[in-house]
Every structure is written in structure tokens, then in C-alpha cells.
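In: I need the structure of the sequence given here:
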Amino acid sequence: MTSITELIAQKTAIEQQIKELRKNERQGAIAKAREIIAEFEITADEIFTKSAKGTRGKVAAKYSDPASGKTWTGRGRAPRWLDGKNYDDFLI
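Out: Numbers count the residues shown, from 1 in each chain. Reported below is the predicted structural model:
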């Protein structure tokens, strides 16, 4: 039967091997990525742009307060100047 001390030593050795292999393979992966980027003339903006999910564009105002000139898009919490009033009366 293997003792805990031996298992810990094996674990440490394996973790070191993993670290070295990852370092070597990483260099190869970086070189391959650079080749592909150069071949296809890919820019950083094309790779590292935010996805469309979660990003919203600006929305035009849907409601306007004629007294103050303030506007509201209809998204989020309604402004106080619309409290208790018919929203249709303030449509732009």
C-alpha cells in the first residue's frame, strides 16, 4: 500500500510535469495563432470585440414632458413626472 507521503510526492511531480508541458504547448499554440493571424490579416478588434449579447445600443426617447423638456425611453423605472398620468398623453 502507498503512503500519503508518497502520494503527495507523486502529485507534486505530476503537477510540475503538467506545468512544463503546458508551458511548451503554450509556446506552440502562440506560434500557430500568430501564423494564422498573419495569413488571414486578422486584427485584434476582430477577435476581442464584445459580443452583441448584453450590449444595448442607444434607444430613442418615446415619452416627453412638455413642461420640463425631459424625455424617457420607456425602459427602466418610469420618471416621477409620469406618476399617475396616462403615458399615451406624453408620446413623442
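
In: make it CA atoms for all contacts and neighbour counts henceforth
Out: Noted.

In: what's the average pLDDT for stretch 47-58?
Out: The average pLDDT within stretch 47-58 is 70.

In: Sorry, slip of the keys, the one I care about is stretch 14-25.
Out: Here the average pLDDT along stretch 14-25 is 95.

In: Only alpha carbons, please: show that stretch as CSV.
Out: Extracted C-alpha coordinates of stretch 14-25, given in CSV (Å, rounded to 0.1, in the frame of the first residue of the first chain):
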residue,chain,number,x,y,z
ILE,A,14,2.9,15.3,-11.8
GLU,A,15,1.9,18.9,-11.2
GLN,A,16,5.4,20.0,-12.2
GLN,A,17,5.2,17.9,-15.4
ILE,A,18,1.9,19.4,-16.2
LYS,A,19,3.3,22.9,-15.7
GLU,A,20,6.3,22.2,-18.0
LEU,A,21,4.1,20.6,-20.7
ARG,A,22,1.6,23.5,-20.6
LYS,A,23,4.5,26.0,-21.0
ASN,A,24,5.9,24.1,-24.0
GLU,A,25,2.5,23.6,-25.7
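
In: Packing partners of the helix ranked longest in the chain?
Out: For the chain, the helix that runs over the most residues, judged by DSSP state H, is helix 4-40. Counting contacts by 3 or more CA pairs under 8 Å, 6 or more residues apart in numbering; DSSP states H and E, helix 4-40 packs against no other helix or strand.
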